[in-house]
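# Dropping the sequence and predicted coords here.
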Amino acid sequence: MSTWDGKEFKYLQLERYFNIKHYSNPNLFEWRKILKDVFHYDLSDIEAIGISLNDNYNGIYHQNQNDVVEKRNLFLDLNIPTYNVDHHYAHALSSLNNIQKHFVSDCQGNYRRWMSILEDKKIIDTKHDPVNGKSFGLSLDEMGYFLGVGPAYHFDNAGKIMAFNGYGEINPTYLKFMEQFGLEHSAITLEYNNLENVLNKFITPKDTWDFVKTFHYRYSILFKEYLSKYFKEEDVFSYSGGVMQNIVINTKLKASFPNMYINPIGYDGGLSIGALEAVRKIYEYPEIKINNFPFIQEDECPERPSQNTIDKAAEYLANGKILMWYQGKGEAGPRALGNRSILANPNVKYAKEMVNEKVKKREWYRPYGASVKADKYRDYFKLDWDSPYMLYQSEVLRPADFQSITHADGTCRIQTVSSDHEDFYNLLNSFEDRTGFPILLNTSMNLPSFPMVGSKETTKKMFDNSDCDVLIIGDNIHTK
Ligand SMILES: [Fe+2]
């Protein structure tokens, strides 16, 4: 949920407020309570409402599919103009940076479209499999279900399956099979029964890994070919929708389209920002200004850590301790970027296993990302562009030294941290003084099946219920 009053922008992912992962508003009226309790506005303060609805889910369809915004009388008791904003248009606008051209790719979209090209308010092209309705994202999701990594239609399956890519090789037989199908006919990959049959024939884990690797390879080509129809190599365009969380595809596309901007909150958690922007455009109000992006959650914000606390944290980390680091406002988007992070020394050989065992309880095959000082990242990673939002994978140049952050294919999802992100950058600096390298294993501060934490109390509880060694909230250090 987002608001803009001309001076102050406010944003909160409801999953953090309710501490329920992937919480989305099942009750269209619930926003009124958040408005009052969290955003501290009254209904009388509200001039207009933008809302991006999932057509099939709530049965409220756009009357004309080509209209990206339509005025709808959704809240009959309120005399407030309300605009239903198309799902993909809201994704496209959620980057808030005045980019005119957009690529959107998501798992289910609004159930009618799972891929769109937009130019300003116009939908230039869309993709949707009319028979099976299976997108790239949904296919990964279903693979996860058939392979037993998670329940059906579960948002986390796709991310888990993506990890298999790092273990696999491109298999010519699978590739030939997949080449029968284009973006419009995602059926294989994707047709429900067929996919189950394909996966059932696999005997070893390697079969699965190779299938997932080949699938990513095939789709990275399809995505590139599709984008090439609408964008030149030098074009500036935004990429949003839930598939923007797939770092394998992101990295391939960024290599071909260097000016592509991926919005770190381009998944459904950012739809409210896009809906807000759509309404702002209708009213022709001045642009929305956001300070300290992406640290914008309207959650509990502690006082800043002193240099002494930062140095103590660095010392703990250098000595191999696992540390929970809660600072400032929470990050928008699914990645912890140094405000709601669990951190560890990547040079400690079994740091990944320790983090898994003591706190995160994640599956063994999933890799951890890393944060590195932006001015030094090229000494340790091979990536041709900055990655401030942890949206790309990069080759690790010294994998033997950093085994705990190096995936099976020699890559790592990295966050390049600039000095603007002052406290976290200082922590990396202080850690570098002690170890010689400015890199930390960085994963989100949440327990399995829970969202990232948003309050001191939840954080403290999480710390108490884990075997994590140290917790730092603002300037306060807690140890066990
Ligand atoms: Fe979406």
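Nice, thanks for sending it over.
# drop to CA atoms for contacts and neighbour counts, all remaining ones
OK.
# Per-residue pLDDT of the closest residue in space to residue 112 that isn't next to it in sequence, please?
Spatial nearest neighbour of residue 112, excluding adjacent residues (CA to CA, 6 or more residues apart in numbering): residue 128 at 6.5 Å. Looking at residue 128, its pLDDT is 77.
# Toward the C-terminus, what is the element adjacent to the one helix or strand residue 423 maps to?
Taking DSSP states H and E as the criterion, residue 423 maps to helix 422-435. Counting by DSSP H and E, the element after helix 422-435 in chain order, helix or strand, is strand 439-444.
# I'd like to know which elements that next one is packed against.
Packing contacts for strand 439-444, counted by 3 or more CA pairs under 8 Å, 6 or more residues apart in numbering; DSSP states H and E, involve strand 340-344, strand 369-373, helix 422-435.
# Quick one: the ones you listed as TSV, columns for mean neighbour count, mean pLDDT and distance to the ion too.
Formatted as TSV, the helices and strands packed on strand 439-444 follow (neighbours: other CA atoms under 10 Å; pLDDT from 0 to 100; distance: least, CA to the ion, whole Å):
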stretch	mean neighbour count	mean pLDDT	distance to the ion
strand 340-344	26	98	24
strand 369-373	26	98	24
helix 422-435	20	98	31
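# what's the nearest residue to the spatially most central residue of the chain if we skip its chain neighbours?
For the chain, the residue sitting closest to the mean C-alpha position, by CA atoms, centre = their mean, is residue 334 at 4.0 Å. Among residues not flanking residue 334 along the chain, residue 265 sits closest, at 7.6 Å (CA to CA, 6+ apart).
# Report how many residues lie close to that neighbour.
Neighbours of residue 265 under the rule other CA atoms under 10 Å: 25.
# So it sits against residue 94, correct?
Yes. The pair residue 265 and residue 94 passes the contact test of CA atoms under 8 Å, sitting 7.3 Å apart.
# So residue 208 belongs to a helix, correct?
Yes. Applying DSSP: H, G, I helix; E, B strand; the rest coil, one finds residue 208 inside a helix.
# who's in contact with it?
164, 168, 199, 202 (CA atoms under 8 Å, 6 or more residues apart in numbering).
# So it versus residue 383, what's the distance?
For residue 208, the distance to residue 383 (CA to CA, to the nearest Å) stands at 28 Å.
# gap between the two ends of stretch 238-257?
Termini of stretch 238-257 sit 11 Å apart (CA to CA).
# tally of neighbours for residue 400?
Neighbours around residue 400, by other CA under 10 Å: 12.
# An error on my part: the question was meant for residue 364.
Every residue meeting other CA under 10 Å relative to residue 364 is counted, giving 10.
# same thing with residue 381?
Neighbour number of residue 381 under other CA under 10 Å is 19.
# Name the residues of this structure found near the ion, please.
109, 241, 268 (CA under 5 Å from the ion).
# Identify the residues contacting the residue of the stretch 251-400 of the chain found nearest the ion.
Distances between the stretch 251-400 of the chain and the ion by CA to the ion are smallest at residue 268, namely 4.7 Å. By CA under 8 Å, 6+ apart, the residues touching residue 268 are 91, 241, 242.
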